[in-house]
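In: what's the 3D shape of this:
(chains A, B, C and D)
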Number of protein chains: 4
Amino acid sequence: MYFASDNSSPAHPRVLEALTGVNNGYAMPYGADAIMDRVRDRIRDIFEAPEAAVYLVATGTSANALALATYCPPWAAVFCHRNAHIEEDECGAPEFYTGGSKLVLVEGEHAKMTPEALQATIEATGQTGVHNVQRGMVSITNTTENGTVYSATEVATLAEIAHAHGLPVHMDGARFANALVADGATPAEMTWKSGVDVLSFGGTKNGLLGVEAVVMFDPAKAWEFELRRKRGGHLFSKHRYLSAQMDAYLQDDLWLDMARSANAAAAKLSQGILSVEGASLLHPTDANIVFAGFPRAGHRAAQEAGAAYYLWPFEQPMEGPGGEALTARLVCSWSTTDEDVERFLDLIRG
Amino acid sequence: MYFASDNSSPAHPRVLEALTGVNNGYAMPYGADAIMDRVRDRIRDIFEAPEAAVYLVATGTSANALALATYCPPWAAVFCHRNAHIEEDECGAPEFYTGGSKLVLVEGEHAKMTPEALQATIEATGQTGVHNVQRGMVSITNTTENGTVYSATEVATLAEIAHAHGLPVHMDGARFANALVADGATPAEMTWKSGVDVLSFGGTKNGLLGVEAVVMFDPAKAWEFELRRKRGGHLFSKHRYLSAQMDAYLQDDLWLDMARSANAAAAKLSQGILSVEGASLLHPTDANIVFAGFPRAGHRAAQEAGAAYYLWPFEQPMEGPGGEALTARLVCSWSTTDEDVERFLDLIRG
Amino acid sequence: MYFASDNSSPAHPRVLEALTGVNNGYAMPYGADAIMDRVRDRIRDIFEAPEAAVYLVATGTSANALALATYCPPWAAVFCHRNAHIEEDECGAPEFYTGGSKLVLVEGEHAKMTPEALQATIEATGQTGVHNVQRGMVSITNTTENGTVYSATEVATLAEIAHAHGLPVHMDGARFANALVADGATPAEMTWKSGVDVLSFGGTKNGLLGVEAVVMFDPAKAWEFELRRKRGGHLFSKHRYLSAQMDAYLQDDLWLDMARSANAAAAKLSQGILSVEGASLLHPTDANIVFAGFPRAGHRAAQEAGAAYYLWPFEQPMEGPGGEALTARLVCSWSTTDEDVERFLDLIRG
Amino acid sequence: MYFASDNSSPAHPRVLEALTGVNNGYAMPYGADAIMDRVRDRIRDIFEAPEAAVYLVATGTSANALALATYCPPWAAVFCHRNAHIEEDECGAPEFYTGGSKLVLVEGEHAKMTPEALQATIEATGQTGVHNVQRGMVSITNTTENGTVYSATEVATLAEIAHAHGLPVHMDGARFANALVADGATPAEMTWKSGVDVLSFGGTKNGLLGVEAVVMFDPAKAWEFELRRKRGGHLFSKHRYLSAQMDAYLQDDLWLDMARSANAAAAKLSQGILSVEGASLLHPTDANIVFAGFPRAGHRAAQEAGAAYYLWPFEQPMEGPGGEALTARLVCSWSTTDEDVERFLDLIRG
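Out: Model prediction:
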């Protein structure tokens, strides 16, 4: 009953097998390994983007920060939701990599920027020439930090606003697979067909040990990205061990299967919780994360039985006055089992 | 017959087994895994440094750049050898992480700074107050880029000069194990007992998939390091897979055994080459890298048979006028076999 | 009738005379001039701070950015009002100088942070350890961008909150003199006695050609500041021409006289406007800036007669439907005359 | 008898008069003043460059650092002489503004890069792809730190090498006027006709209070430069006081007259010293700086009489064993008089 985060789930066995499978003799270093050639081809196929530049790094923070730095100059703004991972959970990595860009925050329920808020925020920025931080780019997190999903259509609406102002669009897809299977769009529809210019294509939270791809649909900035990756210390000499993970991930739709499984577990969990007296959802359960309030007694029973999850917001004390509900943040992963979910539901039902 | 680099050698099977061994269920993320606790204890034991702060990252460049940034302010100089990896092979990562420190280059044969050159270079820096880049820190690469090794005594002499000027000392130990077994010093003698303040303790080139430890013998700057690591995108969520590699590395002296094996292969290779008519060494073979000149005919025979290695300097063309010797850079790893070495020697002997 | 900004007003004649007065022969460069010694002493006297470190730069942006960088590490937050100059009008200079700190915005009417908002914003920042931007420092603008003034007591309340969280306090005093004479506090009461650690002590907007002092009440970071100033290109070789301006500024309370005059002009202007039918103030006129709405007809008359000022917000079009009022931002300086004010009032009264 | 530096000389009286001349009423801020329009036109005329972008800043360090940052990305090298001001005297400002570029040092006598050394240094840089700092740009100091001058022809030879490698060329012309009158070339010949892309056009050392122009002969990067200037805190609100200085400087060839006067004083000083028994020149006296050795007795006499200058190198002690010569660095300015020179010569002749 581990619902603390998908970032602490195990790797899929086929991913580990792939590591063993490439551990033979020498391989060209720094991304020149033959497996990387295959990975690049696969990602281009999957995204219907034969010209895309594709690079691997080991962490989501580095994927995001490098992508932003490649598209946004130091004196410009990255427009993102107030609750975006790049704003709240990366200790300023975007500011570090860009050389001091400003994250300008956009409002919207459930961690989704509204088109109106994006439009207004862009237009309120950079009005007085050289005195202001300029308009730089837009970053969309999908799946959001609240577990909600932008549909491809919603992405297209935001990207249209960005492009109308001449701004490129980044998608933080640390949970891209979860968003994709939730929406039903194709990878191309969710990204470049909707106006996304650069994607952080996550793997770590969805069954890898630690690999994310950065996909630039227009390869014009590929060499700059390579220099930034090296300079950031994110170019692996024994790169084959990154390639092999991504290779296994994409093989036979493993990545989609794992995301579907995680989303299904969350849906079951969410529906189960809602059937409890006094329970409610804080955010829609679009993907693999559930934000749900339920009575303290349920929390006590679950935690006594060893269930691991966070109260929300993080600093929330478990104990306090009254009998009211407390909100839990429950994250499912590819490895969450039906038994985990059912046992948890049994516990909180009392 | 692969001598191009130790950074393209495979991981040791016990390291891969360790990955599989920890791939069970959930584990605390971001370095809070139980295996990391064991790794920290082991490194403290091995270095006889019970207070040391110990952190893992996945690349040598990040280990070095983060270590330098933690100890050297942006307006100060890092004194290092002209051929140091941080100067020549990291695309400016030290400058990026420090916020623009200047690498001030020290001379010396065989990629080893001499005490005289270090002393003179420090004293020539920062003489006119606020107008100059200040004196910041000293970085010693051991094993050097030329495959030579500083003895613990030599390290102590350099560190004494540094400390006399109030400067902390970094050791880039991407090939630390190779230097250690070459010199015969203990880990403590090679580092803090000789005045090293912070060590990049390499694993990647010596049998891991991609893990380096940063060891700060005085933990005063530990929290700052943690923030810099996170902000640089080098903190792994699924950290157990770094911990497990380092854990296997240290278990039963695997790290030392692998380094001994690589050094022995290089010694055998070096001696064998020297027995060829017209051959000579460009640098002493102290550790696992051989820089040797031998006749063109030998190069041709080796390369036709598929031997992989670099001519030196890198841009050297294989073909050219005359019958003179060409210099090869030949790197042995833990996985280099006697057969590799013997076959290579047979080929170049003609 | 120039009310566009105090930053386009002339320098006081005594300031220009002082430049001529020091233009004799050679003078020690880089701040070692004798006039700077006198300026330092005077500022220490005026602020009752005999140990304070005092430095001159030529622009308000550099004073602020250097002060912030000296007190706030790259991975930390500067808490400031949403409308602070450092947030809105410096093109990211604080982010550039700090190496990527994040400006975290605090709410409050009339560009003044409320204690409650500051407290809540600090506490919402840096809750989850290494993942977040840390809490860094607090920056208070006095006079604010809305022309309002924090009393010394209000400053003390904010600073107490900052210090309770271990955070140093910066005051952006580009219009410090205007705030001081408005509140009636002494320089010491408005700054270190109320908890301000570092002050940008403005002169440019109040009668100088271009000089601001940075005053650090605890001199511990003086040398770091000097290095940052030099490295930022803000150390003047012919420094005497900065010193002489500041020297004249402080002589015989010229700085206070000029601020009083500007504030008085604004008060007269503000009261005069309020007597117009349909007029209102957007913000209280505490110092030398008036934000007032009055009928379009008045705007037309004033502008046809050559009055220079901005509509507010800046992008406001002059023409539009209806007869309603438009808001003007009107800034008075030491050189604004009674005649300017009266003529303007006559015009808008119609 | 002040020969310590031209940076501590006074401003020319006509420059101060110009300040007074513009101190009337309000003027558009931030470079939009009418005088700046005239200055821009004049500089374009003088340089026969009708499209050039022209900006003013107040210090040489900021002019250089902003120019470099505009043309060199963070991961690339600035090739300059080992004794360039940007390397030795700016406390790392170029590294700060570029975001961590590396200054790669080129050799050559008398602080002048030789074409051979420049060619070899460029070619030794950036050979192994993404691992290395890339080749960025070339910076030529004219007049050099040793008081020597590159002829326009020599500049053209260096620039040709730079351009053959695709690298733009910067000229640090803190003493541009001195070089120009020494060589006899036109401003256009010394700069863009010889391949210079961006010039730091100095005024401070040659009779201004503190103004340098940055001239970009191709205006493509003008807006980026403006943003960098603002973000660096180098955009003056009361910009007219910079404009007025430069305006007076260019009026009636004042800038050239002052440089001629300074050069003539240095020539006279140099020749006079050489006539002393035991005297010699360390570097040719091409412009306004003399590096000359002469007997200790002469130093003693001069210093007792109050002559101000530096021994060279800076840390040289005045007293020591033997009767040999000591080297002095003697800088003449526009305000150095024949009497100063003659009196000094009388003193050292004994």
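In: how is chain A divided into domains?
Out: For chain A, automatic domain parsing gives the domain ranges A:12-253, A:255-349.
In: chain center to the last one: distance?
Out: Which is domain A:255-349. Taking the mean of its C-alpha atoms, domain A:255-349 sits 20 Å from the chain's own mean (CA atoms, centre = their mean, to the nearest Å).
In: contact partners for residue A:76?
Out: For residue A:76, the contacting residues are A:101, A:102, A:133, A:134, A:135, A:136, A:137, by CB atoms under 8 Å, 6 or more residues apart in numbering or on different chains. Every C-beta, even on glycine, is put in place using the N, C-alpha and C of the backbone.
In: backbone phi and psi for the fifth one, please?
Out: Geometry field for residue A:135 lists phi and psi as phi -80, psi 130, criterion degrees, to the nearest 10.
In: okay, and the beta partners of it?
Out: residue A:77 (DSSP bridges).
In: so which of the domains of chain A is nearest residue B:60?
Out: Minimum separation from residue B:60 across the domains of chain A (CB to CB) falls at domain A:12-253, 7.6 Å.
In: for chain A, what lies in contact range of chain C?
Out: Residues of chain A found near chain C (CB under 8 Å from any CB of the partner chain) are A:74-75, A:88-92, A:95-96, A:98-103, A:127-128, A:130-134, A:314-315.
In: looking at this, residue A:30 is in a strand?
Out: No. Judged by DSSP: H, G, I helix; E, B strand; the rest coil, residue A:30 forms no part of a strand; its state is coil.
In: wait, isn't it in contact with residue A:240?
Out: No. Counting by CB atoms under 8 Å, residue A:30 does not reach residue A:240; the two are 10.3 Å apart.
In: how about the domains of chain A in a markdown table, adding distance to residue C:113 and mean pLDDT?
Out: Conversion of the domains of chain A to a markdown table gives the following (distance: least, CB to CB, whole Å; pLDDT from 0 to 100):
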| stretch | distance to residue C:113 | mean pLDDT |
| --- | --- | --- |
| domain A:12-253 | 17 | 98 |
| domain A:255-349 | 22 | 93 |
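In: and the helices in chain A?
Out: Ranges of helices within chain A are A:13-21, A:34-46, A:60-71, A:85-88, A:93-98, A:115-123, A:152-164, A:176-183, A:187-190, A:222-231, A:240-250, A:254-274, A:296-304, A:338-349, based on DSSP state H.
In: adding mean neighbour count, write those out as CSV.
Out: Putting the helices of chain A into CSV (neighbours: other CB atoms under 10 Å in any protein chain shown) gives the following:
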stretch, mean neighbour count
helix A:13-21, 18
helix A:34-46, 17
helix A:60-71, 28
helix A:85-88, 23
helix A:93-98, 29
helix A:115-123, 17
helix A:152-164, 19
helix A:176-183, 27
helix A:187-190, 21
helix A:222-231, 21
helix A:240-250, 26
helix A:254-274, 21
helix A:296-304, 17
helix A:338-349, 17
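In: those: which one's closest to residue B:122?
Out: When those are compared by CB to CB, helix A:222-231 sits nearest residue B:122, at 26.7 Å.
In: could you say what helices and strands that closest one packs with?
Out: For helix A:222-231, the packing partners by 3 or more CB pairs under 8 Å, 6 or more residues apart in numbering or on different chains; DSSP states H and E come out as strand A:53-57, helix A:60-71, strand A:212-216, helix B:93-98.
In: for those, give me TSV that also has distance to chain D.
Out: What follows is the helices and strands packed on helix A:222-231, written out as TSV (distance: least, CB to the nearest CB, whole Å):
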stretch	distance to chain D
strand A:53-57	11
helix A:60-71	10
strand A:212-216	15
helix B:93-98	3
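In: with respect to residue C:81, which of these lies nearest?
Out: helix A:60-71 (26.2 Å).
In: right, is the closest one up against chain B?
Out: Yes. Shown here: helix A:60-71 in contact with chain B (CB under 8 Å from any CB) through A:60, A:61, A:62, A:63, A:65, A:66.
In: okay if I get the helices of chain A as a markdown table plus distance to residue C:229?
Out: Output for these, formatted as a markdown table (distance: least, CB to CB, whole Å):
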| stretch | distance to residue C:229 |
| --- | --- |
| helix A:13-21 | 52 |
| helix A:34-46 | 47 |
| helix A:60-71 | 27 |
| helix A:85-88 | 31 |
| helix A:93-98 | 22 |
| helix A:115-123 | 35 |
| helix A:152-164 | 39 |
| helix A:176-183 | 46 |
| helix A:187-190 | 49 |
| helix A:222-231 | 28 |
| helix A:240-250 | 44 |
| helix A:254-274 | 52 |
| helix A:296-304 | 55 |
| helix A:338-349 | 59 |
